[in-house]
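**Q** need the 3D shape of this:
(chains A and B)
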Amino acid sequence: MSAATYIRYELLRTFRNKRFMIFSLGFPLALYYLIAAPNRNVGDLGNSGISAPLYIMCGLAAFGTMSAMLSSGARIAGERAVGWNRQLRITPLTTRNYFRAKVLTGYALALTSLLLLYTAGATLGVSMAAGDWVQMTLLILVGLIPFAAAGILLGHLLTVDSIGPVIGGLTALLSILGGAWFPIASSGTMHDLAQLVPSYWLVQASRIAVGGQAWGATGWIVMGAWAAAMIVLAGRAYRRDTKRA
Amino acid sequence: MVESRDGRIELQGLTKSFDSPQGPVHAVRAIDVTIGRGETVALLGPNGAGKSTTLDMLLGLTEPDGGTVSLFGMQPTAAVDAGAIGAMLQTGALIRDLSVRELVTVMASLYPNPLGVDEVIELTGIGEFAGRHTHKLSGGETQRARFAIALVSNAELLVLDEPTVAMDVEGRQAFWRAMREFAAGGKTVVFATHYLEEADSYADRVVLMAHGRIVADGPPNEIKAMVGSKTIRATLPGADLAELAQLPGVTAVDSRGEAVVLACSDSDQAIRALLARFPEARDIEITGAGLEEAFLQLTGDEADE
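**A** Numbers count the residues shown, from 1 in each chain, chains lettered A, B, ... in the order given. This is a model prediction of the structure:
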């Protein structure tokens, strides 16, 4: 009676949904070539100090992984809509394992998206030390914690009809604010605002490749605060939802 | 069979109301039921009788406003966590992108002592579509797959809420055959239905619900005689209801203004006795009550409270 089988099949059925996989993995990849390929020889993109292929790779990784993590919310909303969550609630599956499966699925999608973008980056000349790749990846994975919780929050807050547009709009907004598609100016209101959104710090993970410190104290504090807030809100939304059901 | 107190299912004073734009709806009104281990009990009643709400509280899906549920000495959530309950809810689709066999396998993995996946597929007769993806099933096939999911739990208590809705005749037969085989292993089964025939054929005991109350509780033949009977309606101002209830062939009495409604086990006997005792009775109607009418007449106007 372990949750291993449940988690394995949850992964299996997510990766089997071809239309979803093509869009969630293919879209960031296509965007990457569209934006980065024409700028492949730009060594310092928008005064960020980072080459265009690397910066945009990280930017679209942020976009792709945010979407991947939030998509677990769409799966939760879908299961609520058809009453599957009620069916699960009368099995011994614990809430913890239910969410564990959802978060792990989100992370599996995010990692797949990352690896595809890294490969694409390499074709446009991105290269760095193996240790830097790993460090950058780990930082991004940590930076996805608030999004894992936000997926659960949205999944319990929204209906299956509204969650798609909300996730799409939210990731687009966070991508722009965080400088995922083009670097944010290094000072000014936009810069100050950008530092408050978690997507900004996902993009900043690319600084590791140019020998910079990616997050610094501000980054860790902002990320910690987002993670804590999202986890609390997700827990509250879940409890409210199950009480009503 | 000697039963310990912990071997039973006990609902005590169970009450639940819902808010609606028309004011509160009293879905379940302080019902008491005790079900022994190994019993197969039908919860019979028309739509809106409170069957699903009762089952939802039994399963811990809905918090009662009042009263308690004890399942083999445990709270519903504890019984669920222990894997003591398998259930087929009234509504609910299956998740997509898995085959029926895979879905049954996943559900089996959540329980401490499941039946074998092949065994359940065989028992429920779903072999012919076990390899198909769940979103490509017909309504009846989906119901049968949902039954397989409930059964694979091998739980002590099986709860089925209107299980045969959307099944064709053949599906129904296969369903009840499997249910009986499962129950024969000493399991407790509680199923809700609004078909008198199903309750009569497949339950050891029938609990009759209407308007959130239990209006009768007994062996199927007794309940069948009660609700499968005829009803006499007559205008009889100022009649003494208690006296009417004493008439031969009458099982229940109710008044509607100047009219009285007699539910009868033997309407021929009852009408003779009625006319002999109350010759002033007029506008007499004798109807073969369907289940719904029988319930309404048994429970009177209090539904509108």
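
**Q** may I have the phi/psi pair for the most centrally placed residue in chain A?
**A** Centroid-nearest residue in chain A, with CA atoms, centre = their mean: A:Met66, separated by 2.1 Å. With angles defined as degrees, to the nearest 10, A:Met66 sits at phi -60, psi -50.

**Q** tell me the contacts of the nearest residue to it once chain neighbours are set aside?
**A** Of all residues not flanking A:Met66 in the chain, A:Thr171 sits nearest, at 4.9 Å (CB to CB, 6 or more residues apart in numbering or on different chains). (C-beta placed from N, C-alpha, C; glycine too.) Counting by CB atoms under 8 Å, 6 or more residues apart in numbering or on different chains, A:Thr171 touches A:Phe63, A:Met66, A:Ser67, A:Leu70.

**Q** and for B:Thr53?
**A** B:Lys16, B:Ala27, B:Val28, B:Thr62, B:Gly212.

**Q** the third one is in contact with B:Asp56, isn't it?
**A** Translated: B:Val28. No: counting by CB atoms under 8 Å, B:Val28 stays clear of B:Asp56, with 9.5 Å between them.

**Q** between these two, which one's more packed in?
**A** Regarding B:Val28 and B:Asp56, a neighbour count based on other CB atoms under 10 Å in any protein chain shown identifies B:Val28 as having more, with 29 against 25.

**Q** okay, buried residues for the host helix or strand of the more buried one please.
**A** Following DSSP states H and E, the helix or strand that holds B:Val28 is strand B:25-35. Across strand B:25-35, burial judged by 16 or more other CB atoms under 10 Å in any protein chain shown covers B:His26, B:Ala27, B:Val28, B:Arg29, B:Ala30, B:Ile31, B:Val33, B:Ile35.

**Q** for the residue lying closest to the second one once chain neighbours are set aside, give me the pLDDT.
**A** By that I understand B:Ala27. In space, and not counting its chain neighbours, B:Ala27 is closest to B:Thr53: 4.2 Å by CB to CB, 6+ apart. You'll see B:Thr53 listed with a pLDDT of 95.

**Q** same question for B:Ala239.
**A** pLDDT recorded at B:Ala239 is 83.

**Q** pretty sure it sits against B:Gly257.
**A** No: proximity of B:Ala239 to B:Gly257 does not meet the contact threshold set by CB under 8 Å, at 11.4 Å.

**Q** who has more neighbours out of the two?
**A** Just comparing B:Ala239 and B:Gly257: by other CB under 10 Å the higher neighbour count belongs to B:Ala239, 20 against 8.

**Q** can you tell me the closest non-neighbouring residue to that one?
**A** B:Ala239 sits nearest to B:Val260 (CB to CB, 6+ apart), 5.3 Å away.

**Q** that neighbour: how many residues sit nearby?
**A** Neighbours around B:Val260, by other CB under 10 Å: 22.

**Q** please name the bridge partners of it.
**A** When assigned by DSSP bridges, B:Val260 has beta-bridge partners B:Ala234, B:Ser255.

**Q** quick one: which of the contacts of B:Thr53 is nearest chain A?
**A** Nearest to chain A among the contacts of B:Thr53 is B:Thr62, at 8.1 Å by CB to the nearest CB.

**Q** mind listing what A:Leu116 touches?
**A** Taking CB under 8 Å, 6+ apart, one finds A:Leu25, A:Pro28, A:Leu29 in contact with A:Leu116.

**Q** what's the helix or strand for it?
**A** helix A:95-123.

**Q** beyond that helix, next helix or strand please.
**A** Toward the C-terminus, helix A:95-123 is succeeded by helix A:130-143 as the next helix or strand (DSSP H and E).
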